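In: Predicted coordinates and the sequence they were generated for:
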Amino acid sequence: MRRNFKATSGFTLIELLMVIAVIAILAALLLPVISSAKAKAKRMTCLNNLKQVNLGVNLYAGENGDTLPNLGLATYITYKEVVKNYVGLNSPSSPQDRVFTCPADIFYYEETVNTPYVPHGRHEQDVCDYSSYAFNAGNLVTNYPNFTDNGVLPGIGGQKLSAIKNPTKTVLVEEASALFPYSWHQPKPPVPSGSPMFNDARNMIGFVDSHVSYLQIYWNSTIIYPNGNSSVAAYYDPPAWYDYQWSGK
């Protein structure tokens, strides 16, 4: 008995193109979701790291007469040297200090305005003590009469923890980008030169009472440095409706 088998046909060119088009549409729909998930994961890692750094600063103060770090003008960076052993780091600082690394920290601007964009993380830099995070120590920088009557900027370096009047709103440690401010998590397009600052840049902030928040940082472009450049955000407290303050008053 003979059996007739019908030959099966393959994809036609049009069908193949339709399949490719469907795959492209699905990819276009999924990519924003994947990107959003990755960004959220980076923020959560950053938040957890900052919580540990915040705890380390509090432990340091607890063992040093309730007094926060005071290592001179650069305490906002050098504080890491006196608190890192409280978060389990006993070796010289290095880019491998993950607890001090925000995974979104893949670029930064120099510590002054009108300087180039740097396509590398702060946590990769020796000058930043391999850290994405800074301590709120602006008060240790003096001679800024344009900002305060006594020429001292807001900050809590060297102060007693128990003397800070509003611990739920006073910044203890923060992403270094918040000082200026710009944002690692929601950046604007890289600026080859000029001021990187913009109002309401979103940053991770750790507070004296140990909680950490992801919030907007106020920047007033009309406030001017003594040298004529626009000031950074940490040189003045924001309006009252913002959920943070730099000073401990």
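Out: Structure's in. What do you need? Everything numeric here is computed off the predicted structure, so don't read it as measured data.
In: Dead centre of this protein: give me the residue that sits there.
Out: residue 175 (2.9 Å; Cα atoms, centre = their mean).
In: so residue 119 sits right up against residue 107, yeah?
Out: Yes: in this structure residue 119 lies within contact range of residue 107 using Cβ atoms under 8 Å: 5.3 Å. For every residue, glycine as well, the C-beta is placed using N, CA and C.
In: Mind checking which of those two has more residues around it?
Out: The neighbour comparison of residue 119 against residue 107 (other Cβ atoms under 10 Å) goes to residue 107, with 17 against 9.
In: Let me see the contact set for the more buried one.
Out: Residue 107 makes contacts with 117-121, 184, 187, 190, as judged by Cβ atoms under 8 Å, 6 or more residues apart in numbering.
In: could you pull out the strands for this structure?
Out: Listed in chain order, the strands of the chain (DSSP state E) span residues 108-109, 117-118, 133-135, 171-175, 201-207, 212-217.
In: got the angle for the fifth one vs strand 212-217?
Out: Counting by axes from the mean of the first three to the mean of the last three Cα atoms, to 10 degrees, strand 201-207 points 140 degrees away from the direction of strand 212-217.
In: what mean pLDDT would you report for strand 201-207?
Out: Here strand 201-207 scores 97 as its mean pLDDT.
In: So which elements touch the lowest-mean-pLDDT helix or strand in the chain?
Out: Taking mean pLDDT, DSSP states H and E as the measure, the helix or strand of the chain with the lowest value is helix 13-62, at a mean of 80. Applying 3 or more Cβ pairs under 8 Å, 6 or more residues apart in numbering; DSSP states H and E, one finds that helix 13-62 makes contact with helix 75-83, strand 133-135, strand 171-175, strand 201-207, strand 212-217.
In: Highest neighbour count among the contacts of residue 107?
Out: residue 184 (26 neighbours).
In: residues contacting the closest residue to it other than its chain neighbours?
Out: Leaving aside its sequence neighbours, residue 184 sits nearest to residue 104 (Cβ to Cβ, 6 or more residues apart in numbering; 4.0 Å). Contacts for residue 104 (Cβ under 8 Å, 6+ apart) come out as 39, 42-43, 46, 184-185.
In: again, only this time at 10 Å
Out: By Cβ atoms under 10 Å, 6 or more residues apart in numbering, residue 104 lies in contact with 38-39, 41-43, 45-46, 121, 132, 175, 177, 183-187, 204.
In: what about it, distance to residue 86?
Out: 24 Å (Cβ to Cβ, to the nearest Å).
In: again, but for residue 163
Out: Distance, residue 163 to residue 86, by Cβ to Cβ: 21 Å.
In: And the two? Which one has more around it.
Out: Using other Cβ under 10 Å, the more surrounded residue of residue 163 and residue 86 is residue 86, with 17 against 12.
In: Number of residues surrounding the residue lying closest to the more buried one once chain neighbours are set aside?
Out: Spatially, and ignoring its direct neighbours in sequence, residue 86 is nearest to residue 56 (3.8 Å; Cβ to Cβ, 6+ apart). Neighbourhood size, residue 56 [other Cβ under 10 Å]: 23.
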